[in-house]
Structures are given as structure tokens and as C-alpha cells.
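K.L.:
No letters, just coordinates:
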Ligand code: ADQ
């Protein structure tokens, strides 16, 4: 018998657009929604509006159990502790993490609230599947409330090396919160190892093996479960007539450039968008005789617009785009097209299909689904993926051109190699990448995670 699953995540998959509930974009929702629809699951999370929580409702075949957040909690818990302390700390401290006690306290209080809503929704033997860095205390709190359910935790972002994690003033509490789970799953081997070390050091857990810890008379399984995509869905849309028509239009709109290069990211300082733009400028510099051969499209989804670091990033990227277009553009032609918006899936896929080169160059990324989505859309046309060695995806997508995103000249060289690559080599590389992306879909990922939880 399949056991019922209650996902506990920061956000609900549905958000209110002022008139109706709509499905929010983003890696997490896109990955989990198809899975929950299959197992008739529920989802505990915040609706996106501050104040009193709406009554539970159903959307897209999933029972949605809203948790309330006040305006102050949104600022201190979400923008504060989650996104000004944990997010930078867990991404190699790309910018300095800020630790404030007035952010930590609401983090604990809000985690407690999620744990309570989840505890009420769970029946004996159900599985609670807690998601991500916003809710690291929930496994421990939930165990205290409900010792009769199985608790899983999945971290979508990297777990940092102990040298960085040690800086966190509440490192012991975070480790103990996580150790409340029966199964802790991570994107990469490196994250599993980093966590095991931190659990030994700050939680006094003992390693039984590389995949098992012992803590307070309980056994905790550590799992490497790289997240994936619904590959078939992307392939199907990429093949559709609507996308094919749009691809031809886009190519024309982009000045029929010989090489269309694409970047698609949430606008986040971990994604390396600014360095990537500099690398593209380097390519234009080297090709000053024929700059019109290249067109670079950067699609950036607005993200965390209330955090100052994100506002600064947005203006520095816009300045850089302006500078490159000013330096290399001509009347009626700009080498960089910059779109600051979220795109409907069909339009996003048309961009994946039209792009000859995909630049995925985060400074640190848990996985990066964009890289996998691009590969899924390349049926019958090679295209070259240039991928950062610091994306979790690099552990799997080894036939990409792997780069160090901090090395601006190195990325320019890789871009050049991508645009000049022999068709036969590009085809071979893409075939290998496609094999990986087709053989490990989001359904395999969910099956692996849930199988581990169901075994408890
Ligand atoms: P993100 O940091 O959001 O996810 P990513 O994995 O690339 O990063 O997922 C982004 C998602 O948003 C993709 O599915 C993509 O299609 C979509 N998207 C991007 N740009 C878009 C646009 N302009 N319009 C519409 N949709 C767009 C976090 C972690 C990642 C991890 C995922 C899942 O940071 O490392 O891979 O969770 O675990």
C-alpha cells in the first residue's frame, strides 16, 4: 500500500494572483507537483500573502494547507534568516552572510508553526517530507510532536563545507533539527559528506557507515538524490508546432545570428550572471570583425526583490548589459537581449530550442534544473551546454563543457570552443547528456526518495 505523503515546504505550490490561485514557477514546485498528484498528497506551506492564513483548499489535485506569516516574520524569517544568513552561507558565502538574533528567533518560531500544521495533518504511519533550508528545524520539532510518522528531509541547496558552516552561531540547533529526520537527502555526494562531518562535530552523531549516522539511539540514513525534471514533458513541448513556429520567429528577431547563446536564471548573485556577461563581452572583443555573428539572450526571473543585495545585483547587471550594448552594438542591433521577467513554459522552451549554446555558470548551485531542461529540449539538434563545475548538475552532466565561472577568460575560451565545435563532437556530447537526463527523471528521483522513506 502506498503511504500518504505530506510535503512541508516554505511555499505552497499555489499562489493568489489577486483573482484566482495559480501555480507558482520555480524549481521546487515544478519538481514536486507531478509526484504529489500521483500519490494524492497534501502540501503544507505559506500562500504568499501575509496575515491570516486562508482555509485549506485544493489546487491542481493537491490538498493545500496554508501556514500564516506576519509582515514582520516575512522580513525577519524569510528575507532575514533564510535569505541573508542561510542562503549566502550555504552558497560558499558568495556574499557575506548576516547573522542576527532578531532573525534567528522568528526562524525558530515560524518553523514551530509549520511543524504544528504538519503534525495535525498527519496520521500514524504517514510520511512527512520536509523541504529545504527554510525549514531545517521542522524535522526535530515534528518528531517531538509526532513520533508515529516517518520524517524525510530534502535539501535543495548545497550543504556547505564545515569550515563555512562553523560560522553559524546556531549551528548546533540546526544540526539537531535536521537529525530529527529518519532520512536526510542531498543533491550531491559532497553535500552528504559535508553534512556527516558537521553532524559529528556539532551534534555528536556517530558515523556507522558513509550512509548511516547514529544519534540518540536512532539510525539516520543519508542519501544522495540528485533532483531531475519531467524530461518527457519538456521533449513534447519542444517538438510542438507552436514552439517550432516561435523558434523561427525568435531566430529572426535575434538578427539571424549564426550563434545564439542563452542564459536563464532567477536573478540571484549565486548564478554568476555578471561574470557570464563579461565572458560574452570577451568573445565580442575577440570577434570585432564580425560581432553580429553572436547574439546573447539573458532571461532573468525577478527574485527576492525586497532584499538589498538583489536590488544591487539587478542594477549592476543592467549597467553591464548597457555597457556591452553601448560598446559593441550598432544602430538597430544590440548583442545582448536582456529579459527581466518570468516566461510561460512554451516561450521558455522556444528559447531552449533556438539556443545553439547554453551558458549555465553559477558560482554555486544545489543542482540547476535549467541545464537539464536545455538538454531535454535538444532532440535532434546538438547545441552545446557550458556548465559550471560548481553546479550540482556537473556531478552528472560530465559531457558538458565544464568551466570555472570565476575565470572570465576561461569561460570566453569555452564559449569560443562551443561556437566552433565540430558537429560530430557536439552531437556525441549531447547524446551522452541526453542519455543521463532521460534515464533519471523527476519521477525516478521521487521514487528513490520515497522508497527510502517507505522502507522505514
Ligand atoms: P533555483 O535556484 O530556482 O532552484 P533551478 O534549479 O535552475 O534554480 O530552477 C529554476 C526553475 O525556474 C527552472 O525549472 C526553470 O525552468 C524556471 N525558470 C527559470 N527562468 C525562468 C523564466 N524566465 N521563466 C519561467 N521559468 C523560469 C533551487 C536550487 C537549485 C535546484 C532547485 C531544485 O537553487 O540548485 O536545482 O532548487 O532542487
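P.N.:
Looks like it came in fine. No experiment lies behind these values; they were computed from the predicted model shown.

K.L.:
who in the stretch 101-250 of the chain is up against the ligand?
P.N.:
Proximity of the stretch 101-250 of the chain to the ligand, by CB under 6 Å from any ligand atom, involves residues 156-157, 227. Every residue, glycine included, has its C-beta placed from N, CA and C.

K.L.:
Relative to the whole chain's centre, how far out is stretch 136-147?
P.N.:
Distance of stretch 136-147 from the chain centroid (CA atoms, centre = their mean, to the nearest Å) equals 25 Å.

K.L.:
quick one: buried residues of it?
P.N.:
In terms of neighbour count (16 or more other CB atoms under 10 Å), stretch 136-147 has its buried residues at 136-143, 146.

K.L.:
Which helix or strand lies directly C-terminal to the worst-scoring helix or strand of the chain on mean pLDDT?
P.N.:
Least confident helix or strand of the chain, by mean pLDDT, DSSP states H and E, is helix 27-39 with a mean of 70. Next along the chain after helix 27-39, taking DSSP states H and E as the criterion, comes strand 42-46.

K.L.:
What strands line up against that next one, and which way round?
P.N.:
When pairing is defined by DSSP bridges, strand 42-46 lines up against strand 5-11 (parallel), strand 62-67 (parallel).

K.L.:
In terms of helices and strands, where is residue 410?
P.N.:
Secondary structure (DSSP H and E) places residue 410 in helix 408-420.

K.L.:
Give the buried residues for that helix.
P.N.:
Buried positions in helix 408-420, judged by neighbour count with 16+ other CB under 10 Å: 408, 411-416, 418-419.

K.L.:
Next: stretch 38-50.
P.N.:
Buried-residue list, stretch 38-50, by 16+ other CB under 10 Å: 41-48.

K.L.:
so which of the residues of the stretch 101-250 of the chain next to the ligand comes closest to residue 270?
P.N.:
residue 157 (8.8 Å; CB to CB).

K.L.:
Roughly how far does the residue of the chain positioned farthest from its centre sit from the ligand?
P.N.:
Each residue of the chain has a distance to the centre, and by CA atoms, centre = their mean the biggest one is for residue 289: 38.5 Å. Separation of residue 289 from the ligand (CB to the nearest ligand atom, to the nearest Å): 33 Å.

K.L.:
Return the residues in contact with residue 48.
P.N.:
Taking CB atoms under 8 Å, 6 or more residues apart in numbering, we find residue 48 in contact with 11-12, 15-16, 24.

K.L.:
In ChimeraX, select just the buried ones from these.
P.N.:
Entered in ChimeraX, the line below selects the buried ones among the contacts of residue 48, by 16+ other CB under 10 Å:
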select :11,12,15,24
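
K.L.:
Closest one of the contacts of residue 48 to the ligand?
P.N.:
Distance to the ligand across those (CB to the nearest ligand atom) is lowest for residue 24, with 10.0 Å.

K.L.:
That closest one and residue 15 touch, don't they?
P.N.:
Yes: taking CB atoms under 8 Å as the definition, residue 24 is a contact partner of residue 15 at 4.7 Å.

K.L.:
Buried deepest among the strands paired with strand 42-46, which one?
P.N.:
strand 5-11 (a mean of 24; mean count of other CB atoms under 10 Å).

K.L.:
How far off centre is that strand?
P.N.:
Centroid displacement of strand 5-11 relative to its chain, using CA atoms, centre = their mean, is 16 Å.
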